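Undergrad: Sequence and predicted structure, then a few things I'm wondering about:
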Amino acid sequence: MPDTVRLSLDAAHALVVDALTANGTGAAQAAATAAALVAAEADGQAGHGLSRVPSYAAQARTGKVDGHAVPCVDQPAAALVRIDAGGGFAYPAVDVAIDCLVDMVPSFGLGAAAIHRSHHFGQAGRHVERLAEAGLVALALSNTPQAMAFHGGRLPRLGTNPIAFACPATDGAPLVIDMALSVAGRGKVNAAAQAGRPIPEGWALDAQGRPTTDATAALAGSMLPVGGAKGAALALMVEVLAAALTGARFGFEASSLFEAEGAPPGLGHLILAFDAPAVSGDAFAERMAVLAATVAAEDDVRLPGTRRLAARAAAARDGLRLPAALHAEIRALAHGGRPQSSAASRLG
């Protein structure tokens, strides 16, 4: 068997839809989820890509995630929507949030979408990028199940809690900044565990608090925050904004995004969007042009996103290259099988 399998983007999308619908997910929910996972894989974000399909399918089978949930929208204020994801996958709720914000923000200059009772937020940068493609400046925050300790603590209590930002650029694709508040996203560790690869030093500690390069041991231990105490403080800020403010569960209350058993994770996401011309007095485009020119003036400086865009173009041209074992596992799920979960999926 070859080590990898190549799939076109359309074939990958169809395969994920088949795997999810064969395991307790509705067609519309599966399509939204597949679109997000394939986009992440195409952008080189394998930790948020197709490596998630086995755990997603297992959780849909057990009912930990409601594969048929339809997001419910409430509008408690003119520029605010509150979205109940219904214990389902995050992506249908995110799609609703984006549609609401695109409609709201031109009327009010800004808008917020607060999502609760949700699941894995996925590639946060793509969510805000979609808003930037509609001409908006956007910021998204999400909490995740516990993976990092409070500063000075030893037990995982905070999530890796991603923050993503995007805005229109003066020329070309939007500027996108997407980062977890751990040194590396936990999804990358899960993907490494599934592939049997080590992780770099400085990413994580094992369950005994010792530095480790063993991905499976890292999943049983804790991630290290970016920037030490400052990263831990930022993760705490995201817990407040994405969980307390949205009415969601904190990371230390949420169940694993990888294990099939347990209660729904009940996570929260907050997405903010701004009408750049209105907020800036029509100065935003000119100010961004100055910033872009200043960056371009130095040979070794680049705006974030270059690798993402290059990976996306290559995937559109050449398709995706997946580990053969993962491809076989997803194919088995699509045909009604239930392959044994990887060690990473069991421990996550």
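TA: Okay, I see it.
Undergrad: Flag the shaky bits of the stretch 51-200 of the chain, pLDDT-wise.
TA: Applying pLDDT under 70 to the stretch 51-200 of the chain flags no residue at all.
Undergrad: Would you state the helices of it in chain order?
TA: 53-62, 90-108, 124-133, 186-195 (DSSP state H, counting those that start in this stretch).
Undergrad: and of those, who's closest to Leu270?
TA: helix 90-108 (9.6 Å; CB to CB). C-beta coordinates here come from the backbone N, C-alpha and C atoms, glycine included.
Undergrad: which of the residues in the closest one are buried?
TA: Across helix 90-108, burial judged by 16 or more other CB atoms under 10 Å covers 90-98, 100-102, 104-105.
Undergrad: same deal with stretch 256-264?
TA: Ser256, Leu257, Phe258, Glu259, Ala260, Pro264.
Undergrad: hang on, the earlier thing: and of the buried residues of helix 90-108, the nearest to Met223?
TA: Distances from Met223 to these, taken by CB to CB, are shortest for Ala90, at 20.3 Å.
Undergrad: Out of the buried residues of stretch 256-264, give me the two with the largest separation.
TA: Phe258 and Pro264, at 13.8 Å, using CB to CB across the buried residues of stretch 256-264.
Undergrad: I figured Asp18 was touching Gly336, is that so?
TA: No - the criterion here is CB atoms under 8 Å, and Asp18 misses it with Gly336 at 9.8 Å.
Undergrad: higher neighbour count, the two?
TA: Asp18 (18 against 10; other CB atoms under 10 Å).
Undergrad: list the buried ones in stretch 137-153?
TA: Within stretch 137-153, the residues scored as buried using 16+ other CB under 10 Å are 137-150.
Undergrad: do the same with stretch 188-208
TA: Result for stretch 188-208 [16+ other CB under 10 Å]: buried residues 188-195, 199, 203-206.
Undergrad: For the buried residues of stretch 137-153, which two are the farthest from each other?
TA: Maximum pairwise distance among the buried residues of stretch 137-153 (CB to CB): 33.1 Å, between Val137 and Ala149.
Undergrad: these two touch, right, Ala173 and Thr306?
TA: No - at 9.8 Å, Ala173 does not count as touching Thr306 under the criterion of CB under 8 Å.
Undergrad: More neighbours: which of those two?
TA: Neighbour tally, Ala173 and Thr306, criterion other CB under 10 Å: the higher count belongs to Ala173, 17 against 10.
Undergrad: For the more buried one, give me its contacts.
TA: If a contact means CB atoms under 8 Å, 6 or more residues apart in numbering, then Ala173 has Gly305, Leu309 as its contacts.
Undergrad: same thing with Ile98?
TA: Shown in contact with Ile98 (CB under 8 Å, 6+ apart): Ala113, His127, Arg130, Leu131, Ile271.
Undergrad: again, only using 10 Å
TA: Ala113, His127, Val128, Arg130, Leu131, Glu133, Ala134, Leu136, Ala138, Ile271, Ala273 (CB atoms under 10 Å, 6 or more residues apart in numbering).
Undergrad: Repeat that for Glu133.
TA: Ile98, Val102, Ala166, Pro168, Ala173, Pro174.
Undergrad: Kindly recompute the last result at 7 Å.
TA: Going by CB atoms under 7 Å, 6 or more residues apart in numbering, Glu133 touches Pro174.
Undergrad: same question, the one 3 residues further on
TA: Residues touching Leu136, when contacts are defined by CB under 7 Å, 6+ apart, comprise Leu101, Val105, Ala273, Phe274, Asp275.
Undergrad: Throw those into JSON lines and include distance to Ala27, thanks.
TA: Shown next, in JSON lines, are the contacts of Leu136 (distance: CB to CB, whole Å):
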{"residue": "Leu101", "distance to Ala27": "25"}
{"residue": "Val105", "distance to Ala27": "30"}
{"residue": "Ala273", "distance to Ala27": "29"}
{"residue": "Phe274", "distance to Ala27": "34"}
{"residue": "Asp275", "distance to Ala27": "35"}
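Undergrad: Out of the residues you listed, which is nearest to Arg302?
TA: Phe274 (24.8 Å).
Undergrad: can you count the residues close to the closest one?
TA: Residues lying near Phe274 (other CB under 10 Å) number 21.
Undergrad: show me what contacts the spatially most central residue of the chain?
TA: Closest to where the C-alpha atoms of the chain average out (CA atoms, centre = their mean) is Gly122, at 2.0 Å. Gly122 sits next to Ala36, Ala40, His48, Ala90, Tyr91 when contact means CB under 7 Å, 6+ apart.
Undergrad: element containing the first one?
TA: Ala36 is part of helix 27-42, with elements assigned from DSSP states H and E.
Undergrad: nearest to Ala12, of the buried residues of stretch 188-208?
TA: Nearest to Ala12, judged by CB to CB, of the buried residues of stretch 188-208 is Ala191 at 15.6 Å.
Undergrad: correct me, but that closest one touches Gly44?
TA: No - Ala191 is not in contact with Gly44 according to CB atoms under 7 Å; the separation is 11.3 Å.
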